[in-house]
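# dropping the sequence and predicted coords here.
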Amino acid sequence: MTAVTVTRAGRGHYRFRHVARMEWIKLWSLRSTWWTLALTAVAAIAIGVAVGLNTKNTSADLTNNALAGISAGLLLIGVLGVLVMTSEYTSGMIRATLAAAPNRPLVLAAKAAVFGAVALALGEATSFISFFAGGVTLRQGIVAPELSQPGVLRAVLLSGVSFCLIGLLGLGLGAILRHTAAGVAVMVGGVYVAGQIIAAIAHPLFAYIPISIVANSLGTTRPVGHGVHMLPPWAGLGMLCLYAAAALVIGGWLLARRDA
């Protein structure tokens, strides 16, 4: 009786900050975290620099050009979000995690908070570096955009926020599927590849595909031309929030009802 009482009392003392600290330690103990975060930033910045070097049209949306590598970075951060969840099932650590913190929704919320914060910090740093690096590499005679110009700061900031939201979408998919290969396949195939196929078949849906939202709504300073309908920046951000929230809610519901 005493042992049971002590155990329950100990479990009752677990608060969000304790679980979040545990998730922070686990996140940075993964080698894949370091490699993926580094590759994500390097890929996004390198593409922005390459686009800047090859920009010839002075009337182009130069801010959007500088942020062109963000889409590639989102693929990697989304995959890392899947791994943050599924790696625990692969290693069997999920049992120890849930034994220490039996409140499963709290565990997922802590994972989302910790990983979301890391992804947001990385996204904003990458977005600003890409913006300035892309501007520096523009050819002579092409004036680089400035943050004080209309829509530019908003485009850079929201592009950074997209890292957090796509990462949380990946985390939610990992909680739903619990298998690394399946989670990565859905993240890459469903969100990226299948999205393009659906857009080709039903063109009006193109505006609602996550990657399209980031490239054509969040990261632009002017409306997309040629009669293509895209969501306004803040509506696009809201749609990404909806995707991430839906994945996390479904993942949390399944986590609470399935065996580890």
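Now that the structure is in, tell me what you want to look at. Residues are numbered from 1 along each chain as shown.
# gap between stretch 87-105 and the chain center?
Relative to its parent chain, stretch 87-105 has a centroid offset of 23 Å by CA atoms, centre = their mean, to the nearest Å.
# got it, and stretch 191-210?
The answer for stretch 191-210 is 18 Å, by CA atoms, centre = their mean.
# tell me the SS of residue 102?
Here residue 102 is recorded as coil under DSSP: H, G, I helix; E, B strand; the rest coil.
# tell me how many other residues crowd it.
12 (other CB atoms under 10 Å). (Each C-beta comes from the backbone N, C-alpha and C, glycine too.)
# may I have the phi/psi pair for it?
Backbone dihedrals for residue 102, given as degrees, to the nearest 10, come out at phi -60, psi -20.
# then residue 222?
Residue 222 has phi and psi values of phi -150, psi 160 when expressed as degrees, to the nearest 10.
# same thing with residue 60?
Taking degrees, to the nearest 10 as the convention, residue 60 sits at phi -70, psi 160.
# from residue 138, how far out is it?
Distance from residue 60 to residue 138, counting by CB to CB, to the nearest Å: 10 Å.
# quick one: mean pLDDT over the one helix or strand residue 184 maps to.
Using DSSP states H and E, residue 184 sits within helix 180-185. For helix 180-185, mean pLDDT rounds to 92.
# over to stretch 246-257?
95.
# follow-up on the earlier one: residues in contact with the helix or strand following the helix holding residue 184?
Using DSSP H and E, the next helix or strand after helix 180-185 towards the C-terminus is helix 194-201. Helix 194-201 is contacted from outside by 205-206, 209-212, using CB atoms under 8 Å, 6 or more residues apart in numbering.
# same thing but at 6 Å, please
By CB atoms under 6 Å, 6 or more residues apart in numbering, the residues outside helix 194-201 that reach it are 205-206, 209.
# quick one: average pLDDT of whichever helix or strand comes after it?
As assigned by DSSP H and E, the chain's next helix or strand after helix 194-201 is helix 210-213. What helix 210-213 shows for mean pLDDT is 87.
# packing partners for helix 210-213?
Secondary structure elements in contact with helix 210-213, counted by 3 or more CB pairs under 6 Å, 6 or more residues apart in numbering; DSSP states H and E, are helix 233-257.
# list the helices and strands the helix it packs on packs on?
helix 104-136, helix 152-177, helix 210-213.
# mind listing what's buried in the longest one?
Of the residues in helix 104-136, those scored as buried under the neighbour-count criterion (16 or more other CB atoms under 10 Å) are 104, 106-116, 118-120, 122-124, 126-135.
# gap between that helix and the chain center?
7 Å.
# report the angle between that helix and helix 233-257.
150 degrees (axes from the mean of the first three to the mean of the last three CA atoms, to 10 degrees).
# which other helices and strands contact helix 104-136?
Helix 104-136 is packed against helix 16-29, helix 31-53, helix 62-66, helix 152-177, helix 233-257, with contacts defined by 3+ CB pairs under 6 Å, 6+ apart.
# that helix vs helix 152-177, what angle?
Going by the same axes, to 10 degrees, helix 104-136 makes 140 degrees with helix 152-177.
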